[in-house]
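Student: mind looking at a prediction? Sequence and model below.
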Amino acid sequence: MLQLDHLAVAGETLAEAVAHVEAALGVAMGPGGEHAHFGTHNQLIGLSDGLYLEAIAINPAAEVLPYRRWFDLDRLSGAPRLGNWICRSDDLEADLARLDVEAGRPVALTRADLRWRMAVPESGVLPYDNCFPALMQWDVAVTPAELLASSGVTLKRLEVAHPEAEQLRAAVGLGDARVAFVTGVPALRASFDTPHGVRVL
């Protein structure tokens, strides 16, 4: 069964994405690193309950790529926003095979000592207008959620809005009470308990 792993806030620049997260949650983000394969870089913050949140953007120092980046970052414009949610699998190939949607093919990735595989569509665009989660499988014993210090922030609710919300819910097949699928314009909205009260991204 899929499990919620982390959330991703995307920006035109990493500084803008980080500033957006820090202003919204009232806590500082920690360091991250670079993803050479997709020419991106990130910063992280540890959440409670085995989750974390990343701010991510295209690395301006990266070379031009002959393929599309993950998280639809090649088309990103405007203000930073919560753009994707990521679920982990214990058997990525099997989970991809059972889906009725095309969620991408597994791509082997590394960042420092971390190793994982993530399903990335050739277009960079996930099903259901990017409201379908990116699926991944960790290939390390200790994941970032276990390495990151707690920020005192806890995810209360992740709201996934889409005109076909019920079909999306059935396609994902996730059993997590924190994740709610609602009918509406495609968007993600997350609320958190923070040291400063309830905050929203």
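Tutor: Yes, it's here. Values in this document were obtained by computation on a predicted structure and should not be read as measured data. Residues are numbered from 1 along each chain as shown.

Student: quick one, helices of this protein?
Tutor: Counting by DSSP state H, the chain has helices at residues 14-25, 92-98, 127-130, 144-147, 165-172.

Student: going by mean pLDDT, which of the ones you listed comes out lowest?
Tutor: Comparing mean pLDDT across the helices of the chain, the weakest is helix 144-147, with a mean of 88.

Student: how distant is that helix from the center of its chain?
Tutor: The chain centroid and the centroid of helix 144-147 are separated by 15 Å under CA atoms, centre = their mean, to the nearest Å.

Student: ok, back up a step: how about the helices of the chain in CSV, adding distance to V153 and mean neighbour count?
Tutor: Bear in mind the C-beta positions are built from the backbone N, C-alpha and C, glycine included. Shown next, in CSV, are the helices of the chain (distance: least, CB to CB, whole Å; neighbours: other CB atoms under 10 Å):
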stretch, distance to V153, mean neighbour count
helix 14-25, 6, 19
helix 92-98, 28, 14
helix 127-130, 24, 19
helix 144-147, 13, 15
helix 165-172, 24, 17
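
Student: who's in contact with the helix or strand of the chain with the lowest mean pLDDT?
Tutor: Sorted by mean pLDDT, DSSP states H and E, the helices and strands of the chain end with helix 144-147, the least confident at a mean of 88. With contact meaning CB atoms under 8 Å, 6 or more residues apart in numbering, helix 144-147 is reached by D5, H6, L44, G46, L47, G50, L51, Y52, L114.

Student: equivalent analysis for stretch 35-43, please.
Tutor: For stretch 35-43, the external contacting residues (CB under 8 Å, 6+ apart) are 14, 17-18, 29-34, 54-59, 62-63, 65, 69-71, 73, 107, 109-111.

Student: need the buried ones from these selected in ChimeraX.
Tutor: To isolate the buried ones among the contacts of stretch 35-43 in ChimeraX, judged by 16 or more other CB atoms under 10 Å, type:
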select :14,17,18,29,32,54,55,56,57,58,59,62,69,70,71,73,109,111
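
Student: returning to what we had before: between the contacts of helix 144-147, which sits nearest L135?
Tutor: Using CB to CB, D5 comes nearest to L135 of these, at 9.4 Å.

Student: before we move on, back to that, keeping just the C-alphas, turn the least confident helix or strand of the chain into CSV.
Tutor: Only the C-alpha atoms of helix 144-147 are listed here, as CSV (Å, rounded to 0.1, in the frame of the first residue of the first chain):
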residue,chain,number,x,y,z
PRO,A,144,15.2,12.0,5.0
ALA,A,145,12.2,12.0,7.3
GLU,A,146,14.2,10.0,9.8
LEU,A,147,17.3,12.1,9.4
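
Student: which one of the helices of the chain lies closest to A79?
Tutor: A79 lies closest, by CB to CB, to one member of these: helix 14-25, at 7.3 Å.
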